[in-house]
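**Student:** Below are the sequence and a predicted model for it; my questions follow.
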Amino acid sequence: MKITIGHLYPDLLNLYGDRGNIQCMMKRCQWRGIEAETLEFKLEDEVDFSKLDIVLLGGGSDREQMIVCKRLQQIQKNFKDYVEDGGVVIAVCGGYQLLGDYYQTDEGRMEGLHLVKLHTEQKPGRLISNIVLKSDLFDMPVVGFENHGGRTDIGDNQPFGKVLYGSGNDGESGYEGIVYKHVIGTYLHGPLLPKNPQVCDWLIEKALERKYGKDIELQPLDDQEEKEANAYIVNRFVK
Amino acid sequence: MILRRMLAIWISKATCVVCKLAGKQGVTLAGKIALKIDPKILMELSGQVRKKIFITCGTNGKTTTNNLLCSAIEAEGEKVICNHTGSNMLNGVVSAFVLAAKWNGKLDADYACIEIDEASTVRVLPYFKPDYMILTNLFRDQLDRYGEIDITMELLKKAMHMAPDMTLVVNGDDALSAFLAKDSGNKYVTFGIGKQCQQEKENAREIREGQFCKCCGEKLNYHFYHYSQLGDYECPNCGFKRPKLDFDAENVKSGGKLSFDVDNREIKANYRGFYNVYNILAAYAAARTAGLELKNYNKVLADYNPQNGRMEHFHIKNTDVLLNLAKNPAGFNQNISAVQEDDKPKDIIVLINDKDQDGTDISWLWDVDFDRFQDMNAASITVSGIRCQDMRLRLKYVDIPSRLEPDVEKAIRSRIADGTGNLYVLVNYTALYDTHNILKKLEQEKA
């Protein structure tokens, strides 16, 4: 079996250890004997979604996000088809905001990809802290770090998790992120996947199932160190 | 007013003594108290500096550059004030002046060399206008505290506007620093390494900042990189490019010892680490720009013994220990290169904390090229500190096993008891002071 990961615009969207998410997906495939490759796309490259099994859209500064957002409009239709067809996407921070309809900042309105019904508005004060979630998708809590000025309204969509510690989408609703089909959008970096192998494996599993058209049960790995690092954050911040 | 100033000085000095006795670093507290008692104290004391005031800013290399500059000027027979310990926010800056002042409220100084945290420049510059600002480089650092690098650049731009007569001494190899200088309207001179050295291969995957032209947004073309985004760049669209280097280091050699030529002089130092070429060059460029001769610079470099955890050496029992600060991806990658220059077998301890001053977000660990630890001739790697679990995981994902020991003293003792006799301790900010003290203590223990 083989997985191809598409990393969109790492030249611009590479804040907060996004590389760690790629590395985590690659390793957790390779440790199981699943072949894995990552294609890094530059702004001028054509993105052929039919060749991709997982797409990573990371975070960048507002300025860099603005540059990317213009380019994303040109691939919007193909991206949308990929998502509707069950394509796996992990979108973090700025990438998460770009999934929605728009991101309203003090400097203007950034048009989103309209892949998921959500929108974001910048408000005074950034939400910066460690964060712990309980997601319906997993037994193990999801841990990470959030740092965002935007407040995201996900409407009636399914959140990624309930906030046990930290701020989440808007600091008020008590929820964080979004799950839509096989898309996870979240403010959690840290990076997200290494301390949350359950999330990484969910992405890999969904990608393999879509590609090979059958149920996949991933071979378990020795996740002692991952679990200990995850539990450290949970124990420290959730009383 | 003089009474108030004297009172501020006395109480601050006393505070500092008490803190030292209690084993704490009291420098910032002393500054805070002084400013409370006499809000004008920084303005008045800095006004007594007889000749020039230098400030040093930039993500990495501030402390080394600033301390070197101070030593170099002292070697010219001048009296210099300096915040040696690297306390570089407003209170630390105040403290440097207050602690150097005499009991009668007078300052006896020809020059001041003050390093200032980039975000603090706009808080310090209302009190005095420096004559020179060194800008070493700009890398991503502590995103949770400072936000994105764009925000840091905005603050520095403001600071430059606050002191329009201040001459900038900037790293021309850094497109971000060079852009700030060009954009500021201030006078500026540049330093850098004009020609390519043999650094690039190992750094091919490094995270690079500012890949897009700050003038027009186009992607910059690079003729070569030295490390991170430092190199020879050019914008294909608007023509922005690396400026002509006023102080160009040629024939650069790194390895166990550093040497390079500038101004038809050969500069030599006993330090490890290619990045130190920039630090040595920056201090040189600043002093020369201010009209100092620096005839004895090589002697200054030979005598310079860092005592602040920048490649600080300890000898404990039969083990050589090097303590070095590594607090962001660019700094850590350069640290790894410096450790690699030593091909002897070694033990490595990496200590990661996540206190406020470190940055509570430690995701930057994943932007460091730790896979290069594989070719280090490392007999053991120990992870320590508050976030040792994260560090262990970081190494696991480049297939490097490590030992976990949250307590750094235990980790160090263990490696000294049965290690290779060659120990590197790489720590981030808040761990530096304590680790330094532990190593000092171990050095004094009888074998």
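**Tutor:** Everything's here; your move. Numbers count the residues shown, from 1 in each chain, chains lettered A, B, ... in the order given.

**Student:** Where is the longest strand in chain A?
**Tutor:** Criterion DSSP state E: the longest strand present in chain A is strand A:119-134.

**Student:** taking the mean pLDDT, what do you get for it?
**Tutor:** Strand A:119-134 comes out with an average pLDDT of 94.

**Student:** how far is it from where the chain is centred?
**Tutor:** Offset of strand A:119-134 from its chain centre (Cα atoms, centre = their mean, to the nearest Å): 15 Å.

**Student:** Next: stretch B:422-430.
**Tutor:** Worked out by Cα atoms, centre = their mean, stretch B:422-430 lies 15 Å from the chain centre.

**Student:** That one near chain A anywhere?
**Tutor:** No - Stretch B:422-430 is not in contact with chain A by Cβ under 8 Å from any Cβ of the partner chain; minimum separation 15.0 Å. C-beta: built from backbone N, CA, C; applies to glycine.

**Student:** Show me which residues of stretch B:403-419 are buried.
**Tutor:** Across stretch B:403-419, burial judged by 16 or more other Cβ atoms under 10 Å in any protein chain shown covers B:403, B:405, B:408, B:409, B:411, B:412, B:414, B:415, B:416, B:419.

**Student:** mind putting these in CSV, distance to chain A included?
**Tutor:** Output for the buried residues of stretch B:403-419, formatted as CSV (distance: Cβ to the nearest Cβ, whole Å):
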residue, distance to chain A
B:403, 12
B:405, 14
B:408, 17
B:409, 20
B:411, 17
B:412, 22
B:414, 20
B:415, 21
B:416, 26
B:419, 23
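
**Student:** So which of those are in strands?
**Tutor:** The strands, defined by DSSP E, take in residue B:403 from those.

**Student:** Looking at the buried residues of stretch B:403-419, which one is closest to residue B:374?
**Tutor:** Closest approach between those and residue B:374, by Cβ to Cβ: residue B:403, at 16.5 Å.

**Student:** The closest one reaches residue B:384, doesn't it?
**Tutor:** No - between residue B:403 and residue B:384 there is no contact, the gap being 9.1 Å when judged by Cβ atoms under 8 Å.

**Student:** Which residues are in contact with each of these two?
**Tutor:** With contacts taken as Cβ atoms under 8 Å, 6 or more residues apart in numbering or on different chains, residue B:403 and residue B:384 have residue B:411 as neighbours in common.

**Student:** hang on, the earlier thing: just name the closest of the buried residues of stretch B:403-419 to residue B:30, please.
**Tutor:** Looking across these and measuring by Cβ to Cβ, the closest to residue B:30 is residue B:408, at 27.0 Å.

**Student:** Show the pLDDT at the closest one.
**Tutor:** On the pLDDT scale, residue B:408 is placed at 95.

**Student:** Check the one 4 residues further on too.
**Tutor:** Here the pLDDT value assigned to residue B:412 is 97.

**Student:** Would you mind putting the CA coordinates of stretch B:356-371 into PDB?
**Tutor:** The C-alpha coordinates for stretch B:356-371 follow below in PDB (Å, rounded to 0.1, in the frame of the first residue of the first chain):
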ATOM      1  CA  ASP B 356       7.100  32.300  29.900                       C
ATOM      2  CA  GLN B 357      10.600  33.500  29.000                       C
ATOM      3  CA  ASP B 358      11.200  30.300  26.900                       C
ATOM      4  CA  GLY B 359       8.000  30.700  25.100                       C
ATOM      5  CA  THR B 360       5.200  28.400  26.300                       C
ATOM      6  CA  ASP B 361       4.800  27.000  22.800                       C
ATOM      7  CA  ILE B 362       7.500  24.400  22.000                       C
ATOM      8  CA  SER B 363       6.300  23.500  18.500                       C
ATOM      9  CA  TRP B 364       9.600  25.000  17.200                       C
ATOM     10  CA  LEU B 365      11.400  21.800  18.200                       C
ATOM     11  CA  TRP B 366       9.900  20.400  15.000                       C
ATOM     12  CA  ASP B 367      11.500  23.100  12.900                       C
ATOM     13  CA  VAL B 368      15.000  22.100  14.200                       C
ATOM     14  CA  ASP B 369      16.900  19.600  12.000                       C
ATOM     15  CA  PHE B 370      17.400  17.000  14.700                       C
ATOM     16  CA  ASP B 371      18.000  14.200  12.200                       C
END
